[in-house]
Each structure stands twice: as structure tokens, then as C-alpha cells.
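Asks: Pasting the sequence and the predicted coordinates here, then a few questions.
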There are 2 protein chains.
Amino acid sequence: MKSHQIQLTAYPKGEPGSDHFNLVEVDLPALRDGEVLIANRWLSVDPYMRGRMSGIKTYVDPFPLNGPMEGGAVGEVLESRSDAFKKGDWVMSMQGWRDAYVADAKLVQAIDASILPPQAYLGIAGLTGMTAYVGLKRQIALKDGDTIWVSAGAGAVGSAAIQFSKAMGAKVVATAGGAEKVAYCQSIGADAAVDYKAVDNLAKAIREAADGGVNAYFENVGGTHWTAALEVLKPKGRIAVCGMIQRYNDTSAQPIPDNLTNIIAKSLRIEGFIVSDHMDLRKDFITDLSNWMMAGKVSGEETVREGLANMPNAFLGLFKGENRGKMLVKL
Amino acid sequence: MKSHQIQLTAYPKGEPGSDHFNLVEVDLPALRDGEVLIANRWLSVDPYMRGRMSGIKTYVDPFPLNGPMEGGAVGEVLESRSDAFKKGDWVMSMQGWRDAYVADAKLVQAIDASILPPQAYLGIAGLTGMTAYVGLKRQIALKDGDTIWVSAGAGAVGSAAIQFSKAMGAKVVATAGGAEKVAYCQSIGADAAVDYKAVDNLAKAIREAADGGVNAYFENVGGTHWTAALEVLKPKGRIAVCGMIQRYNDTSAQPIPDNLTNIIAKSLRIEGFIVSDHMDLRKDFITDLSNWMMAGKVSGEETVREGLANMPNAFLGLFKGENRGKMLVKL
């Protein structure tokens, strides 16, 4: 059987172009014991892929030149020599940028396409959504009637956290940088949204937007946002520390004001987490997400391009702002 | 019936002397419904009482002149017109500095003198010990085999936390300021103790004393200690935030280095608490403490003076360093 795949022909300097990509036909090997043959139906298109096209090793190897690239993908099992899968099963893998592949069954993960659209597993039902869910459920233990502040509300995790918090019955104050991102937070359900770049006193702005204070804070930013959070949290407030992007971009860490006595005075609970430590919640997540999507409380917004040959254009489109929500290629 | 009480005759400026106190005999009123008559057996002698002798209102009123002073006390019920108590019951109250009193039964608290010596309720079995216990049990969830760093180890809460941590099977690294306090931490069971005033790099010193890092941190200090804790905690480390005395003494808060990304990178859990929110643990605390004391694992060190007339001298002795552990007067 033949497979078609997109290969990288050179490591682009600056903005990549369509001439850096090539559509190649390859022969697939015959299945051995324990292997599966998969036809991909949806390919994930993500900004992080640019990093692997630089030719420089970071925490992960660069894509090879003139070889298969990786990326999230969901597909159907065409043939199986593994007990774990049968023909017609839906699976998720990192074998993207191609229409079919043969792989060890251990390298693909079963997904339940009966309760969620299969492509949702590349977006809001994937690790991004799971990260938001874990923070809200386990670290914050968000309750109906709570008020929560979600920082970086227009980001991937933040926008999931806004929607899930609303679905869980909370009032949501979001922060983001710039009018466009603020409008986006409101469009997906935030009760109030604050442009942190446009206010002098962030704590005061949050307190006003939240009618006094918040019970929980979803931390994606750090620095000035952390300091404000300790001010605006109410007694017994909870912080899920998911990311601190303000700090990552500093070349040297700025000192922060020491307002930590708020932790005692208000009996705050603060917990950092890494989603992979909490995969025991995955089944609950898929069930809750399915119910929320059916009730129209959560929408995984998608921009869809058709056909493997359009994969490079879909990728290049990310950098031209062509997508709203998750960018996907349908095969 | 007559009661004898110590009264303050003037608000001392600087160091108080015995001439500021007067032993007075007063008549006790007859009991009304709901009241109890108590004979005190043990009086608590505490440094904080000096603040109430200044004549200045802080968070609590100053002691009156030529009237009864307050303080922790335990005693026996001599007569009861309340269903809550019968003759011979042991109770704790704030009706100290006197040998007997009549009070509404709601103002006294029952104590179990069959499982702990009654005077222990004024020391390690009182709020100080309870504070250490709550932090270790609930916020930190200390486990057998954990290594814990206890800051301000020579203080009232810190010294209880050292002893309880050892009784719970943990390895303890303590910090304190000065050689004498360090030696005291070791004398009550700390496996290692660090003089934070004598080291250039606190995190390095803790790491060496702890053979690599700690699983938990009992926070009594804040500032430089907090920063070091985020460095030396191991993955899944827990911090109970009990006090931040370094910060209280600052007239203006010093900024602290932003090393908060450790909270995510190591999935740390940090929780502030106030002991009064956790009184549901009191019964467990008394049971555990009783077992630990019987097994010789915890000792509530006491310095005892005899007789009500010696109460002023016992109090003045606090400021001359005459006590080791809790200062008490036995009646």
C-alpha cells in the first residue's frame, strides 16, 4: 500500500514558504505482529511545529529533511495485527503530515469517537483541554457559584478554562493583552474581561470586574499577575499554577513584591501541576466535555482545510492569522 | 467564698518590677444558673502578657488597673449550676492570675486530664502544639520517611513541629538564628540544624543538611527562607505556611526574587492556614500527643514556680531567661 506524506526540503530561515515542503509517495511495509495500519482522517496544525523546522535541537529533535514529519493526527484502523485494536477503531497518534502509516500498536491511543467528534481529540479534548480541566477540578476544585480569574484567557489553555469554568457554574473574569483578545474572551463566555496592558492597577481592575474579589485564580502568567492574585483572592482562595509565561520571557527574573503574608492571612492554597501526572482524570474529562458540548456550553472552534496537499498552506496560514480556534486538515 | 488575684497597680514603662503588682483578696458572688465555680491549679505565664500591661490598645484591650488580669489557666470545678460540668471536671479558661473564679460555663473549655497532665493544655497540648499538628497533618500530610525543613525551630510552634515530625517518622532539618537556638533544636530531636545567620547560601546549606533536598517545609519565617524553600523542595513538595515573621518585622516589604516557576516545575503545593479553622482535628491531636508523650517521643518541657504570690516573679523571670520551655505557676 502507498502512503503520501509531506516532507521538509530545507530548514527555513525566517518565514517558511511552500517551497520548503514536498508531497512524496512512499510504500508502506507489510504488517508485522503487534502492528496496525492506520488511515489518518484529521491532521493537527500547530504553531509549535515551526520550532522543529529550525534545524536546531531544543528539548526535542528537529524534523529530518526529506523524511516524515510528526504532528497530532486521528485516524481509523484499516488493518490490525494487535489484540488492542480492530478494523474501524479510531486512534490518535503523533504520525501526522501523512495520510496513512504502519506503526506498533503501542504508539497509538484509542479514542472514543462515539461521544465526541474524532477531531476534537486534537483540540479541546486533547492535552490542552485536559490541562484546563485538571487545574479546575483537582487543584482549584471549582464550585458552582465561585468567581474565578483566568489569566491569558485568549490562549489555548486559558480559553478552555474560561469555557469549562462557565460550564461548571462559575462566574469568570478573564485577563488578556489587547482589545482583540479581550473581545475573544467575552465571545467565549467570560462574564468580564480586563486588558491588563491598559490598566495601571491590575488588582483594582480585577476587584472591580469581580464585584469584590475572586475565590480562585488560574495562573498562566506569573509576575505582576501573581502579585495581583494574592491581593484579590478571598479567604480560602485557591490558585492552580499552570504556567508563568511572563517569567519565561524574562532574560533575568525581575524581583516581585513580597505580599506572601496574604497566603496566611487568607488561608490560600496554591498548587502547581503537570497534566501528565493527572491522567487518571481523563475519563471524567471526556465524559464532562461530551455533556458540555452536547448542551452547547463548550464549543471547540475549528478552522478546517481539506486535503493533505493543503497541509503546508494550512501551516503557513497560522502565521497569517487565518485560523479562529484550532487549525485542522481533513483528509 | 474568697478569691485571691494579682492586680496591676500601674502601667510600667520599660521593664516591669514587682511593685507594679498587688495580691488582692476579693469576695466571689454566689453561683447563678449556668455558672461554675473553678479552683485554678495551673497558671500560664507568657511573654505576650507584657503587651497588655502597656496601657495601649492594640488588637486587644490593655489590662485594667486594680482589676483582674487575664491569662491561660487550668483548674477543677468545685461547684456547678451548668449541665455541661460537674464537680471534679478539669477545665481551661482565660481566667488566670487568680486562684478561683465564678464564670458562665460557656467561657470555660473541658479538658481530658486522664490522658495528658492538665498543665500540658497550657503548653504543647494547647494552641501552639495544635498549630504545629495541623500544619503537619493537614497542609503537609507528612509521611513516614519524608524529610522536612522546620524554620524558626527554636520557637514555640517550630519546636513542637520538630518533635511531632520526628514522632511521625520524618527526618528533620531545622533552622534557627544563633548557636544556642541551633543547639536547642538538636536537643529536642532535629537530625540537623542550620544557623541561618551564619551561612551565605541558605538553600545550599539546607540541601547539604538534608542530603539533597526536602519533601516538606514548615514556613514560620518567609522572605529569604521562602525563596530557599522553593529551591530545595523536591518534586511534589508541600509547604505549610504558618507564619512569616521576617516579613512582620520589616517596616517596608523587601522585594523577593521571582523563583516561582519552581511551583510548576516541581508541582509544589502551598497552603496557608489559621489553626482555628481546623479544630475538627483537636481530638486526633490530643490522642496522638498522648501516645507520643507516653512513648517518650515528645516532651513538653516546663519550668514551674509554686504559689499565686510567685506569679509576678515568674512573669518577670521570662525576661531574664529563667525558663526552659513553658513557664507555669502551680497553685
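Replies: Great, that's in hand.

Asks: Pairing partners for the biggest strand by length in chain A, with directions?
Replies: In chain A, assigned by DSSP state E, the strand with the most residues is strand A:35-45. Counting by DSSP bridges, the strands paired with strand A:35-45 are strand A:73-80 (antiparallel), strand A:100-104 (antiparallel), strand A:326-330 (antiparallel).

Asks: Report the next helix or strand after the first one in sequence order.
Replies: Reading on from strand A:73-80 to the C-terminus, the next helix or strand found by DSSP states H and E is strand A:90-93.

Asks: which residues make contact with that following strand from outside it?
Replies: If you take C-beta atoms under 8 Å, 6 or more residues apart in numbering or on different chains as the criterion, strand A:90-93 is touched by A:36, A:38, A:72-77, A:85, A:101, A:103, A:107-113, A:118, A:121-122, A:126. C-betas here are computed from N, CA, C, even on glycine.

Asks: if we go to 7 Å?
Replies: Outside strand A:90-93, the residues that touch it by C-beta atoms under 7 Å, 6 or more residues apart in numbering or on different chains are A:38, A:73-77, A:85, A:103, A:107-111, A:113, A:118, A:121.

Asks: which residue ranges form the strands in the stretch 201-331 of chain A?
Replies: Assigned by DSSP state E, counting those that start in this stretch, the stretch 201-331 of chain A shows strands spanning A:214-219, A:233-241, A:269-272, A:302-306, A:326-330.

Asks: Let me have the ones you listed in a markdown table, adding mean neighbour count and distance to residue B:56 as columns.
Replies: As requested, those are exported to a markdown table (neighbours: other C-beta atoms under 10 Å in any protein chain shown; distance: least, C-beta to C-beta, whole Å):
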| stretch | mean neighbour count | distance to residue B:56 |
| --- | --- | --- |
| strand A:214-219 | 27 | 37 |
| strand A:233-241 | 22 | 29 |
| strand A:269-272 | 24 | 36 |
| strand A:302-306 | 16 | 67 |
| strand A:326-330 | 21 | 64 |
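
Asks: Could you point out which of the ones you listed sits nearest residue A:134?
Replies: Nearest to residue A:134, of all those, is strand A:233-241, at 8.1 Å by C-beta to C-beta.

Asks: how far does that closest one sit from the chain's center?
Replies: Computed by C-alpha atoms, centre = their mean, to the nearest Å, the separation of strand A:233-241 from the middle of its chain amounts to 23 Å.

Asks: mind saving the C-alpha coords of that strand as CSV?
Replies: Extracted C-alpha coordinates of strand A:233-241, given in CSV (Å, rounded to 0.1, in the frame of the first residue of the first chain):
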residue,chain,number,x,y,z
LEU,A,233,-8.2,36.4,46.3
LYS,A,234,-10.8,36.0,49.0
PRO,A,235,-10.3,33.9,52.2
LYS,A,236,-9.8,30.2,51.3
GLY,A,237,-8.9,31.2,47.8
ARG,A,238,-7.2,28.6,45.5
ILE,A,239,-4.6,29.0,42.8
ALA,A,240,-3.9,26.4,40.1
VAL,A,241,-0.4,27.2,38.8
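
Asks: what inclination does it have with respect to strand A:214-219?
Replies: Interaxial angle, strand A:233-241 versus strand A:214-219 (axes from the mean of the first three to the mean of the last three C-alpha atoms, to 10 degrees): 20 degrees.

Asks: What strands line up against strand A:233-241, and which way round?
Replies: Strand pairing (DSSP bridges) places strand A:233-241 next to strand A:214-219 (parallel), strand A:269-272 (parallel).

Asks: and those as JSON lines, adding mean pLDDT?
Replies: Formatted as JSON lines, these follow (pLDDT from 0 to 100):
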{"stretch": "strand A:214-219", "mean pLDDT": "98"}
{"stretch": "strand A:269-272", "mean pLDDT": "98"}
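
Asks: ok, back up a step: with distance to residue B:330 and mean pLDDT added, can I get the strands paired with strand A:35-45 in a markdown table?
Replies: Output for those, formatted as a markdown table (distance: least, C-beta to C-beta, whole Å; pLDDT from 0 to 100):
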| stretch | distance to residue B:330 | mean pLDDT |
| --- | --- | --- |
| strand A:73-80 | 77 | 98 |
| strand A:100-104 | 77 | 98 |
| strand A:326-330 | 74 | 93 |
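
Asks: Please, where are all the helices along the stretch 151-300 of chain A?
Replies: A:156-167, A:179-187, A:202-209, A:224-232, A:245-248, A:261-265, A:282-294 (DSSP state H, counting those that start in this stretch).

Asks: and residue B:281, which of these is closest to it?
Replies: Across the helices of the stretch 151-300 of chain A, residue B:281 has its closest neighbour in helix A:261-265 (17.9 Å, C-beta to C-beta).

Asks: is that closest one anywhere near chain B?
Replies: Yes. Using C-beta under 7 Å from any C-beta of the partner chain, helix A:261-265 reaches chain B at A:261, A:263-264.

Asks: so who does the closest residue to chain B within the stretch 1-150 of chain A touch?
Replies: Relative to chain B, the nearest point of the stretch 1-150 of chain A is residue A:139 (8.4 Å; C-beta to the nearest C-beta). Contacts of residue A:139 were listed using C-beta under 7 Å, 6+ apart, and they are A:238, A:240, A:271, A:273.

Asks: Residue A:196 - nearest residue in space that isn't next to it in sequence?
Replies: The shortest distance from residue A:196 to any non-neighbouring residue, by C-beta to C-beta, 6 or more residues apart in numbering or on different chains, is to residue A:175 (4.8 Å).

Asks: since we're on that neighbour, how many residues are nearby?
Replies: Applying other C-beta atoms under 10 Å in any protein chain shown, we find 30 residues neighbouring residue A:175.

Asks: Could you do residue A:196 as well?
Replies: So residue A:196, with other C-beta under 10 Å, has 21 neighbours.

Asks: Could you report the distance from it to chain B?
Replies: Counting by C-beta to the nearest C-beta, to the nearest Å, the gap from residue A:196 to chain B is 17 Å.

Asks: what does residue A:321 give?
Replies: Separation of residue A:321 from chain B (C-beta to the nearest C-beta): 29 Å.

Asks: if we can go back for a sec, farthest pair in the contacts of residue A:139?
Replies: Farthest apart among the contacts of residue A:139 - using C-beta to C-beta - are A:238 and A:273, which lie 12.1 Å from each other.

Asks: Break chain A down into its structural domains.
Replies: A:2-123+A:300-330, A:127-276 (automatic domain parsing).

Asks: list the buried ones in stretch A:2-11?
Replies: Neighbour counts over stretch A:2-11 (16 or more other C-beta atoms under 10 Å in any protein chain shown) mark A:3, A:5-8 as buried.

Asks: if you look at these, which of them are in strands?
Replies: Using DSSP E, these in strands are A:3, A:5-8.

Asks: Grab the nearest non-local neighbour of the residue in the stretch 101-250 of chain A that chain B sits nearest to.
Replies: Using C-beta to the nearest C-beta, residue A:241 is the residue of the stretch 101-250 of chain A that sits closest to chain B, at 4.7 Å. Nearest non-adjacent residue to residue A:241, counting by C-beta to C-beta, 6+ apart: residue A:272, 4.1 Å away.

Asks: Check residue A:209 too.
Replies: For residue A:209, ignoring the flanking residues on the chain, the nearest one in space by C-beta to C-beta, 6+ apart is residue A:192 at 3.9 Å.
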